[in-house]
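>>> only geometry, no sequence info:
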């Protein structure tokens, strides 16, 4: 256990040193370079694919040829983070898999199935306005051509505005120098250890969260265009600017939540408010904002978003605000394979567990579609804070995920 703790601490500090690993940033590229080196130290056969996902293979049969279709159990998560995010979201799933491989190697365990440690690209929607792009590519939800044409939409990634996914991937690959994956993969399972990103495990003093369902996000972007101007010369009663429009949008959003009696059945958020050309003495003429919704009730989520769009598009023109609406994403909640959930439950029986659903989306949603027997995410506790620099999980709890992976690999062989 102590050796695992030391190895986990080392990987967290070495691979995750930069912390802020926005997709295709120099910090994320540095983390990938270090990850690849550590994978090779474990004897893994390392490749990338057309989306920038990284695979490290440990073969059950050392004579697997490059062109053969191979069956694998995938373990991993995403390597990118949100801007100004933490070091644990995503990375925990990758290093847990690597620590499990280290234990297999050191104990000369003869594995029955090939294992692939996978660092998935661009799970966060921060840069391109769309989430889980690496796993969507694997599950054939998006083609190579479609993926590479996606433009950078976030002003927080200001060195890339005007560029595309393909442009940034090309820049990154020049540093990685990895061979492109030429193996056909048949996924048997995909296992994704992850920090909870919320307070439920900590509040209930539990160590493992067993996830049975995942809420997929629905997202929409509104661009509001009004009349800007000097903040000292336009009477308040005459203002018809973008901020006035946003205030009306926010009132519609809050009122609709109350009217539909949503409570916690649907978790919604206004995540971005970008004011064009903002200045201390300027009334904004244009801004863009995003609204997201997550829940297990697909009908409720669809009804909420449709009604929100209808009311915004109907009401704001009455106050001389032009509205441009763009649907960014429409996810469908996933109910995980009960048999696989039960295997996790059985493997985790010696730990204190909490049965729960995930309000955060995960790559497991899309990996599930290409796995013969399903994919699953399970949680370890963190401080209840995520997507912040203060995000934290205890090394001992990450090691529990490593131990659970070992038991799961025995259970599903």
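Structure received. Source: prediction; values computed, not measured. Numbering: from 1, shown residues only.
>>> Now do residue 73: how many residues are near it, please.
For residue 73, the neighbour count with other C-beta atoms under 10 Å is 25. Just so you know, the C-beta spots here come from the backbone N, C-alpha and C atoms, and that holds for glycine as well.
>>> Hmm, residue 78 and residue 122 touching each other?
Yes: counting by C-beta atoms under 8 Å, residue 78 is a contact partner of residue 122 at 7.5 Å.
>>> helix, strand or coil for the closest residue to residue 114 other than its chain neighbours?
Closest residue to residue 114 apart from its sequence neighbours, by C-beta to C-beta, 6 or more residues apart in numbering: residue 72 at 4.5 Å. Here residue 72 is recorded as strand under DSSP: H, G, I helix; E, B strand; the rest coil.
>>> pLDDT score assigned to residue 72?
Note on residue 72: pLDDT of 94.
>>> Tell me how many other residues surround it.
23.
>>> is it in a bridge, and if so with what?
residue 114, residue 187 (DSSP bridges).
>>> give me every residue that touches it.
Residues near residue 72 by C-beta atoms under 8 Å, 6 or more residues apart in numbering: 57, 113, 114, 115, 116, 185, 186, 187, 188.
>>> excluding its backbone neighbours, what's nearest the residue most central in space within the chain?
Nearest residue to the geometric centre of the chain (C-alpha atoms, centre = their mean): residue 123, 3.5 Å. Distances taken as C-beta to C-beta, 6+ apart place residue 78 nearest to residue 123, at 3.3 Å, with adjacent residues excluded.
>>> Count the residues that sit near that neighbour.
For residue 78, using other C-beta under 10 Å, the count is 29.
>>> what residues are up against it?
Contacts of residue 78 (C-beta under 8 Å, 6+ apart): 90, 93, 119, 120, 121, 122, 123, 124, 134, 363.
>>> hmm, try it at 10 Å
For residue 78, the contact set (C-beta atoms under 10 Å, 6 or more residues apart in numbering) comprises 21, 23, 53, 89-91, 93-94, 118-124, 131-135, 192, 194, 362-363.
>>> in a helix, that's where residue 367 is, yeah?
Yes: assessed with three-state DSSP, residue 367 lies in a helix.
>>> Could you measure from it over to residue 351?
24 Å (C-beta to C-beta, to the nearest Å).
>>> ranges for the helices of this protein?
Assigned by DSSP state H, the helices in the chain fall at 2-14, 26-41, 91-106, 133-138, 144-149, 165-176, 200-204, 242-259, 298-315, 338-347, 364-367, 395-411.
>>> Residue 215: which of these is closest?
helix 298-315 (8.3 Å; C-beta to C-beta).
>>> Go through stretch 377-388 and flag the buried ones.
377, 378, 379, 380, 381, 382, 383, 384, 385, 386, 387 (16 or more other C-beta atoms under 10 Å).
>>> Okay, the last one and residue 125: tell me how far apart.
I take that to be residue 387. Residue 387 is 11 Å from residue 125, by C-beta to C-beta.
>>> Mutual contacts of these two, please.
Common neighbours of residue 387 and residue 125 (C-beta under 10 Å, 6+ apart) are residue 82.
>>> quick revisit: buried subset of the contacts of residue 72 as a ChimeraX selection?
Buried subset of these, written as a ChimeraX selection, criterion 16+ other C-beta under 10 Å:
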select :57,113,114,115,116,185,187,188
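>>> List the contacts of residue 153.
Residues in contact with residue 153, defined by C-beta under 10 Å, 6+ apart, are 125-130, 160-161, 221, 272, 274, 288, 326, 328.
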